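Chemist: I would like the atomic coordinates for the input below:
(2 chains)
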Amino acid sequence: MNESRSAVRDDAPATTAKSRPDDPATEALIDAGGAHVVGRAVTINKSAAELYRYFRDFTKLATFMENVERVDVLDDLRSHWVVMAPAGRTVEWDARITEEREGELISWASEDGADVANAGRIEFRDAGARGTVVTATIAYDPPAGTIGKLVAKLFQREPAIQARRDLRRFKQLMETGEIATAARTKKQYDEEKA
Amino acid sequence: MRALTWHGKHDVRVDTVDDPEILNPRDAIIKITSTAICGSDLHLYDGYIPTMQKGDILGHEFMGEVVETGPKSTLKKGQRVVVPFTIACGSCYHCGKHQYSACDNGLPADNQDIAQELYGQPMSGLFGYSHMTGGYAGGQAEYVRVPFSDVGPIVIPDGIEDDKVLFLSDILPTGWMAAENAQIEPGDIVAVWGAGPVGLFAVQSAFLMGADRVICIDHFPHRLELAKKFGAETINFEESATYEALMEMTGGIGPDAVIDAVGLEAHGFFVDNVIDQIKKSTFLGTDRIHSVRQAILACRKGGRMSMPAVYGGIVDKFPLGAFMEKGLTLKTGQTHVQHYMPALLDAIVEGKIDTTFLISHRLPLEQAPDGYKMFHDNQNEVTKVVLKPGLAIAAE
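Modeler: As a prediction, the model looks like this:
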C-alpha cells in the first residue's frame, strides 16, 4: 500500500475515485460484500424540509424514478418495491427505513428475501441561496442465477446515468412542478414513458 | 397540421403531422401566425449540427395566437405572443439570475446527458434545434406546444403587427446581448463581423449603447448597404484586407470592442479556413473560426470581445497567445431571451428600434423548402425569410 497517498486523500467523494480506495475503512464502507455503489449529488432550489417531505412519502418515488413501477407503503418504516426489469419482468423486495433524521437524511435497506439486495441513502444539506444539495447513494448486490443476470443487466446498464437522470427528474418536479418532455402528442408522451 | 420537417442535408419538406397537445400543466398551444428562418437553421440545413432525426420540425423564431392552455399557464386564449427560442423554467437557480439559456430544467432529463458530456453541464432547451437541445418540435408549423408558457412568451399589445415584434424571439435580443457583452463605453469604436440579422441588430444596439463608430465586416454588398443605413462604416473583405483596414481606420489602435456575429460557417477563402474545411469533411474538427482569429488579432490591447455567433464543438488554431498577451476579455453564450424581451418590446413600441427593414421575403408555410433554398443560395439579397402559415400560396 502506498502510505503517503492514503495519508493525503483528497476531499472528493469516494464514489468519484479513479481507482479503488486503498484505505481499509473506506474499502469496508463502500465495498461491503462486493456491492456496487452509485452516488450522485444535485442542487435543488427548494428547502431541505420541503424536499425531505416529498421524498419521505415513498409512494411518490415512481413519479420520477424511471425504473420504479410502484412503491407500496406497508407501515411507517416498511415499504414494498416493484421495479421494472428487462423483458417485461419485474423484481420486488421489501425495504425498511434504517435511519432517518427529519429534514436531513433517509436510509433504507432491503429485507431478507429480496430479488436484489440493496440499500439507499438520501441526504439533504442546506446550500443557502442555492437551495439544498441532495446526495443519493445506492448500493446493490446482484444475485446469482438467471434472474440475477437479468437484474445485473438492468442495474449495471448504466446505473450512474440512471441515478443522475432520476435526480434530474426529482429536481424538475420540485422546482417547476412538472417533468420536462419534448413530446408533441399524448401518443408520443406515452411511448416515451413506456 | 402542416409542418416543415428535416430529412437530411439540403432536404426539408412540408409534411402533415399530428397536432401538438397539452402535456404538462404549464404548457400552452400556439397557433403560428409568423415564423422566420434563422441563419442558424442553415447550420441544420447544411448538416453541421449532430443529433438531428428525420421528421424533426424546425423553427425557433415564431409567434402566434394562444389557442389552448394547461391549468398552470398564465396565458389566455386569443392573446398574441412572441415565444423565446430558449426553453427555460423560470424557477431554477440560473433562471433566478436571469441566465435563462443556462436553465437547469429546460431539457428532458434523458437529453441532458449529451450536453453534459460535451459541455460539462446541460443547458436550456431550444425549439427545433436537434436532440442535443431537447428534441422539441419547432415553430415552422401551424401549431406548436410551448412548455413553461407562464414564464416564456411575451404578450403583444393590440395594434402592433407581427413583422415589428417577431424578432424578439431570437435575433433582436441576440444582437442586443452581443452589444451588451462587448461592454461598450461612450466613444468606443466597435467592429462587427457579419452583417446578418444578428450583426445588423448589434450595430443598432452598439450605437444605442453609446458607441462612437461601428465598423461592419462582410462580403455581401446588399447587407453592408443595410449596415451603412444604420450609420456603420463597412469593410468588404473581398475588396479590402480586414486587419489592415481596421488598423488604419482606428489610427493604428484597433477597435475597442469586437463582435463575432458570423458563427460556425464562416465563409471566406483564407488558408486557415480551407484547412478547417478539410478537417470538417474528415471529421477532425467541427467549427471554422476564421472570424474569431481575425477579431482577436485586430482588437486593441485590453479590449473586449463578444461572441454571439453559434459554435457547437471544438476548434484548434485558436490564437490563445494573442488573446492572453493582449489581455482581452471574452463574453459569449446563447441569448437569455426572456431577460431582454420586455425592454426591447418597449423600444420597438417607442420606435427606437426598427426590425422590419430586415424582412426581404414573406412566404406561405407550404413554400418553406423554397425559402430555405433561396436563403442558402442567395444570402446577399435574401436577408430574412418570414413564413406565414395563414398566407395563401402565390399564383404560379
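Chemist: give me the number of residues near A:Asp57?
Modeler: Here the number of neighbours of A:Asp57 (other Cβ atoms under 10 Å in any protein chain shown) works out to 10. Backbone N, C-alpha and C define where each C-beta goes, glycine included.
Chemist: now it: how far from A:Ile106?
Modeler: 11 Å (Cβ to Cβ, to the nearest Å).
Chemist: likewise for A:Val42?
Modeler: From A:Val42 over to A:Ile106 (counting by Cβ to Cβ), the distance is 16 Å.
Chemist: what of B:Thr174?
Modeler: From B:Thr174 to A:Ile106 the distance is 45 Å (Cβ to Cβ).
Chemist: how about the residue in the stretch 251-396 of chain B positioned nearest to chain A, what does it touch?
Modeler: Closest residue of the stretch 251-396 of chain B to chain A, Cβ to the nearest Cβ: B:Gln338 (14.4 Å). By Cβ atoms under 8 Å, 6 or more residues apart in numbering or on different chains, the contact set of B:Gln338 is B:Pro84, B:Thr86, B:Ala88, B:Gly90, B:Cys95, B:His98, B:Tyr100, B:Val151, B:Gly152.
Chemist: ok, B:Thr174 and A:Ile106, which is more surrounded?
Modeler: A direct count of neighbours by other Cβ under 10 Å for B:Thr174 and A:Ile106 places B:Thr174 higher, at 27 against 19.
Chemist: contacts only, for A:Ile179.
Modeler: A:Thr63, A:Phe64, A:Arg169, A:Gln172, A:Leu173, B:Asn24, B:Pro108, B:Ala109 are the contacts of A:Ile179 under Cβ under 8 Å, 6+ apart.
Chemist: let's see it at 10 Å
Modeler: A:63-64, A:168-173, A:193, B:24, B:105, B:108-109 (Cβ atoms under 10 Å, 6 or more residues apart in numbering or on different chains).
Chemist: before we move on, what about B:Arg2?
Modeler: Here B:Arg2 is in contact with B:14-17, B:140-143, B:364-366, B:368, B:389 (Cβ under 10 Å, 6+ apart).
Chemist: could you do A:Asp126 as well?
Modeler: So A:Asp126 contacts A:Ser47, A:Ala48, A:Ala49, A:Gly103, A:Glu104, A:Thr132, A:Val133 (Cβ under 10 Å, 6+ apart).
Chemist: so, low pLDDT: which residues of chain A?
Modeler: Residue ranges of chain A with pLDDT under 70: A:1-8, A:19-39, A:142-160, A:194.
Chemist: residue 84: neighbour count?
Modeler: Answering for chain A, as no chain was given. 13.
Chemist: let's do chain B instead
Modeler: Neighbour tally, B:Pro84, other Cβ under 10 Å: 30.
Chemist: how far away is the closest residue in space to it that isn't next to it in sequence from B:His98?
Modeler: The shortest distance from B:Pro84 to any non-neighbouring residue, by Cβ to Cβ, 6 or more residues apart in numbering or on different chains, is to B:Val337 (3.5 Å). According to Cβ to Cβ, B:Val337 stands 10 Å off from B:His98.
Chemist: quick revisit: quick check, nearest of the contacts of B:Gln338 to A:Asp11?
Modeler: Within these, proximity to A:Asp11 (Cβ to Cβ) peaks at B:Cys95, which comes in at 30.0 Å.
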